[in-house]
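Engineer: Sequence unavailable; structure follows:
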């Protein structure tokens, strides 16, 4: 699991986090914009050079689609709507996991801060945690080679 939403419980970081706020702002009135998408993407990475014009355009096009906006509204309910707020609290069920679990976090994650990993690490009996320094929420992008080695190694160990 890579910086999983719902499984983490922020111990020291505020809720909602900067990244969650930027995601909510993306669809907020007057609606999506390329600038809002760029602001959100900047919260996902530690290395700001990764937020290119091409990435912004690609993600904006995908996220502006009506189906994507409907999914975002549903996700937003798990953060802000009292009727659905508890549905996103997956950490309450984490103690039930019996499988080996690899938790991967970026130390500079501004969406699901690394302090949220502490509860998951404590609750999941067979969990191990790897934290990448100099890395935001997109560990799979920012630490591509190391992430893949770690994930593939973990999966191969299970056989």
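Structural biologist: Happy to help now that I have it. These numbers were taken from a predicted model, which means no experiment stands behind them.
Engineer: Below-threshold pLDDT in this protein: ranges please.
Structural biologist: 76-82, 84-90, 92, 159 (pLDDT under 70).
Engineer: again, only using 90
Structural biologist: For the chain, the stretches with pLDDT under 90 are 1-16, 24, 27-28, 69-98, 116, 118-124, 158-159.
Engineer: how about the strands in it?
Structural biologist: For the chain, the strands defined by DSSP state E cover 101-106, 127-132.
Engineer: May I see those strands organised as CSV, with mean neighbour count and distance to residue 91 added?
Structural biologist: No exception for glycine: its C-beta is placed from N, CA and C like everyone else's. What follows is those, written out as CSV (neighbours: other Cβ atoms under 10 Å; distance: least, Cβ to Cβ, whole Å):
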stretch, mean neighbour count, distance to residue 91
strand 101-106, 23, 12
strand 127-132, 16, 12
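Engineer: Just send these back as CSV, with distance to residue 145 too.
Structural biologist: Shown next, in CSV, are those (distance: least, Cβ to Cβ, whole Å):
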stretch, distance to residue 145
strand 101-106, 14
strand 127-132, 11
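Engineer: And those: which comes nearest residue 4?
Structural biologist: strand 101-106 (7.7 Å; Cβ to Cβ).
Engineer: sorry, back to before: of the strands of the chain, which is nearest residue 146?
Structural biologist: Closest among these, using Cβ to Cβ: strand 127-132, at 6.9 Å.
Engineer: which strands and helices sit next to that closest one?
Structural biologist: Applying 3 or more Cβ pairs under 8 Å, 6 or more residues apart in numbering; DSSP states H and E, one finds that strand 127-132 makes contact with strand 101-106, helix 117-123, helix 144-157.
Engineer: most tightly surrounded among the ones you listed?
Structural biologist: Using mean count of other Cβ atoms under 10 Å, the stretch among the helices and strands packed on strand 127-132 with the largest mean neighbour count is strand 101-106, at a mean of 23.
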